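>>> Everything below, folded, please.
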Amino acid sequence: MATDQRKERFARTILNGFEAFFAEFQNITLAARTRFENADWHGLQESSLRRIDLRKQKTSEIIQYVELIAGEHLKDFEFWHEVRAIYARMIEGHNNFEIAETFYNSVFCAVFKHRKIRNDYAFVFSPQGDMPPADVSAVYRSYSRQDSMQSIWTRVLQDYAFDIPYEDLQRDVANIMKVVDSYLVKELDLSSGDLRFDVLDRHFFRNKGAYIVGRIISGEDSMPFVLPILHNENGAVYVDTVLFGADKLSVVFSFTRSYFLVDARIPSAYVLFLQQLMPAKPISEIYSAMGYNKHGKTYYHRCAYRHMTSTTDKFIVAPGIKGMVMSVFTLPSYDFVFKIIKDRFTPPKDMTREQVKEKYALVKRSDRAGRMADTQEFTNLAFARERFSDELMDELYKVAPSLIDEHGKALIIRHVYVERRMTPLNLYLQDCNEEQLHDVMDEYGNAIKQLAAANIFPGDMLLKNFGVTRHGRVVFYDYDEIQPLTECNFRQIPPPRNEEEEFSDQPWYSVGPNDIFPEEFPLFFSGNQRARKVFDEIHSDIYEASFWQGLQEQVRSGYVESFFPYRRKFRFDRGEAA
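Below you'll find the model as predicted:
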C-alpha cells in the first residue's frame, strides 16, 4: 500500500501543475491588450493557439512527475480514490476549484486513456458544487446616474480607454446616444433615479476587436449591452457599434466563434455575471467562450447527465439526409446532437477515421469566424442502453460496430463528438417564406466566403452540411473535407478543343489531387432550383476561380480578415461629426 506521504506528494504535484497551467494561461491572456494596441493580429492568433494547446502541454509535463511518484501504484484505482480525497481537501475553498478539478481529470484521463472515468477516482461531479460561490460584484464597475446618460457613456469609454487614443470620442458617444434614443428608450425606463451601469472590469479580445460588456439596470429591469472597439490601424480606436439585448450578446459569445482572451482571475465570477445577461446560454458554453473549453466540457457532461436522468424520451437518428462519413443521433428533448465516425465511408469518400479526427482538430484550432460549430469530443462515453430506439441501435451496429460496447444496462460509445443542434439548411428551405429564403441564402454565401477568408475551404458545400441557428445564422458542421484554402488549386475548366471532347462523359483535361473547379459549384444546389436562383443573384462570384484565387492571395499576404459578430448594418457611420 502506498504511504500517505506519497499520496500527498502525488496530489500536490497535480495541484502545482494546475497552478502552473493557470498562471501561464493568464500570462498569455494578459498580453492580448498590448497586442491589440499594437495591431498585432498575428500575435493574437498565436496567443489563441498557444492557450488551446496549453492544457495538453502542461498535462504532458506533469505526467512524468506523477509516474515517478506513484511508481507501481499509478494504475491502482484505490490509490487514485484516496488521492482524489486528498486533492479535494487541498482545493477546498480555492477560488478556481472547478477548473482545478478539471485539470486533475485531464491527468487521470492521460494515465488511463479515458477509461474507468468514475466519480470515485476523478471529479465527474464536484464535492463543492458546480461553481465557486463567487462574488460577482467584485468583477464589475458600477456607474450610478449623477447627471446625463451621455455622461455615463463618456465615463465608461474613458475608464476603458487604451494606451492609444480614441479616433473621435465625442462622435462615438453621439452614435451610442442615437441608438439609446431610437431603441433603448422603448425597452427600459431611463428616467429612473436609481438607474446604473454594471460593466465587467476587463476587455474581451478576439480576432481584431475588443469588447466592453455590461448591463443597464433600472428598477427591477435590466438590459445587457456590448461595445465593440476596433483599431483603425493608424494608432487610434473607435466604437464600432452598441448592441443591446440578450440575443445580440449571445451571438457575440456564440459557440461558432473563437474563444475570447479576457483577464479573468476568477473565471466563475465572469461566467455567473454573463449568465445573468444571457439566461438561455448554457454555462458550459460561456466557460468555453472564455477559453476554458475543457472545463466547459466537464460542465456540459454534468448538465447532460442531469438531463438524461430527468427525462425518459429515447435517442433517435437525427432528422436530415444521412452523411457518408458521420452518423448523427439526438434526443428530442435535448439541444445537442451526437456524431460518430462510421467504420466504413460511403463512396466516393476515401479517408480514414484518424484523418476525420484531424479535420475536427483543425476546426478547434482555427478562427471559426462565426461559421463553424464548436464541438466537445468524448472517449468511452456511457449511456443508458434502454434510452436508444431500436432504429438507432440498428443504425449504430450497421455503420460503426467497432465503436459500440454493451455492458449490462450501459451502452459505451468509444468515440463521439457533441455539438449544438441546428436545423439542417436543406430542411429549413422546405418551409421558409421568400424573405427567409433570401436571408438564409445570403447567409449561406457569407458563411462560405467568411470561412475562406479565415483560410478554410469547406470542400463539400451541399446544403445538408450547413445548419441554421435560432438566430438565423448559417453555420457549417460537416468537416471531413475541409482544408486550408491556401492548399487548394482553383482552376477554370479549359474549353474543349474539339467536338469529341465537348460531348465526352469524361473530363478532357487533367485533374490534380488539390484541383478545384468553382464552375461546378452549382451542383451543390441539385434539387433546389428555387434556392439556387436566389443564391446566384447574390453570390454568383463564388463560381469564378478568380474569386478564390484573390482570397488566397489575401491570406498569403498575411492580411487578417475582420469577423464581426453582428450585422454590418449595425455598424456606426464614422464620417458623422460628434
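
>>> Where does the prediction get shaky in the stretch 1-150 of the chain?
1-2 (pLDDT under 70).

>>> I should have written the chain there, sorry.
1-2, 501-502, 576-578.

>>> For Asp40, grab the count of nearby residues.
Asp40 has 16 neighbouring residues, counting by other Cβ atoms under 10 Å. Glycine gets a C-beta too; all of them are placed from N, C-alpha and C.

>>> One more: Gly209?
Neighbourhood size, Gly209 [other Cβ under 10 Å]: 21.

>>> And for it, nearest residue in space, chain neighbours not counted?
The spatially closest residue to Gly209, leaving aside those adjacent along the chain, is Pro228, at 5.1 Å (Cβ to Cβ, 6 or more residues apart in numbering).

>>> quick one: buried residues of the host helix or strand of Ala110?
Here Ala110 sits within helix 97-112, counting by DSSP states H and E. Neighbour-count burial for helix 97-112, counted by 16 or more other Cβ atoms under 10 Å, picks out 97-109, 111-112.

>>> So what's the gap between the following helix or strand past it and the chain middle?
Remark: after helix 97-112, the chain's next helix or strand is strand 140-144, criterion DSSP H and E. Centroid separation for strand 140-144 versus its chain: 29 Å, with Cα atoms, centre = their mean, to the nearest Å.

>>> what packs against strand 140-144?
Judged by 3 or more Cβ pairs under 8 Å, 6 or more residues apart in numbering; DSSP states H and E, strand 140-144 is in contact with helix 149-159, strand 196-200.

>>> buried ones in it?
Tyr140, Tyr143.

>>> Given it, what are its sheet partners and their directions?
Sheet pairing here is set by DSSP bridges, and for strand 140-144 it gives strand 196-200 (antiparallel).

>>> Mind checking what helix or strand follows the lengthiest helix in the chain in sequence?
Determined from DSSP state H, the single longest helix within the chain is helix 4-37. Going down the chain from helix 4-37, the next helix or strand is helix 41-70, by DSSP H and E.

>>> any idea of the angle that next one forms with helix 97-112?
60 degrees (axes from the mean of the first three to the mean of the last three Cα atoms, to 10 degrees).

>>> in helix 41-70, what counts as buried?
So, applying 16+ other Cβ under 10 Å, buried residues of helix 41-70: 41, 44-45, 47-48, 51-52, 54-55, 58-59, 62-63, 66, 69-70.

>>> Packing partners of it?
Packing partners of helix 41-70 (3+ Cβ pairs under 8 Å, 6+ apart): helix 4-37, helix 97-112, strand 261-262, helix 353-365.

>>> tell me the most buried of the ones you listed?
strand 261-262 (a mean of 24; mean count of other Cβ atoms under 10 Å).

>>> Can you spell out which helices and strands pack onto it?
Applying 3+ Cβ pairs under 8 Å, 6+ apart, one finds that strand 261-262 contacts helix 4-37, helix 41-70, strand 204-206.

>>> Now do whatever helix or strand comes next after it: which elements does it pack against?
The helix or strand immediately downstream of strand 261-262 is helix 267-277, counting by DSSP H and E. If contacts are counted by 3+ Cβ pairs under 8 Å, 6+ apart, helix 267-277 sits against strand 196-200, strand 209-218, helix 283-289.

>>> Recalculate using a threshold of 10 Å.
If you count contacts as 3 or more Cβ pairs under 10 Å, 6 or more residues apart in numbering; DSSP states H and E, helix 267-277 packs onto helix 97-112, strand 140-144, strand 196-200, strand 209-218, strand 221-231, helix 246-252, helix 283-289, helix 293-309.

>>> Make TSV from these and add distance to Asp515 to it.
Formatted as TSV, the helices and strands packed on helix 267-277 follow (distance: least, Cβ to Cβ, whole Å):
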stretch	distance to Asp515
helix 97-112	41
strand 140-144	54
strand 196-200	49
strand 209-218	36
strand 221-231	38
helix 246-252	37
helix 283-289	37
helix 293-309	36
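
>>> Out of these, which is the most enclosed?
helix 283-289 (a mean of 24).

>>> export the helices and strands packed on helix 41-70 to TSV and tack on distance to Trp80?
What follows is the helices and strands packed on helix 41-70, written out as TSV (distance: least, Cβ to Cβ, whole Å):
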stretch	distance to Trp80
helix 4-37	9
helix 97-112	7
strand 261-262	34
helix 353-365	28
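
>>> can you tell me the helix or strand for Phe162?
Taking DSSP H and E as the definition, one finds Phe162 inside no helix or strand.

>>> just so I know, which of the helices and strands packed on strand 140-144 lies nearest Arg35?
Closest to Arg35 of the helices and strands packed on strand 140-144, according to Cβ to Cβ: strand 196-200, at 19.7 Å.

>>> List the contacts of that closest one.
136-137, 139-145, 149, 152-153, 155-156, 159-160, 211-218, 222, 224-227, 262, 264, 269-270, 273-274, 276-277 (Cβ atoms under 10 Å, 6 or more residues apart in numbering).

>>> Tell me what angle it forms with helix 149-159.
20 degrees.

>>> where does Tyr509 fall, phi/psi-wise?
In terms of degrees, to the nearest 10, the main-chain angles of Tyr509 are phi -130, psi 160.
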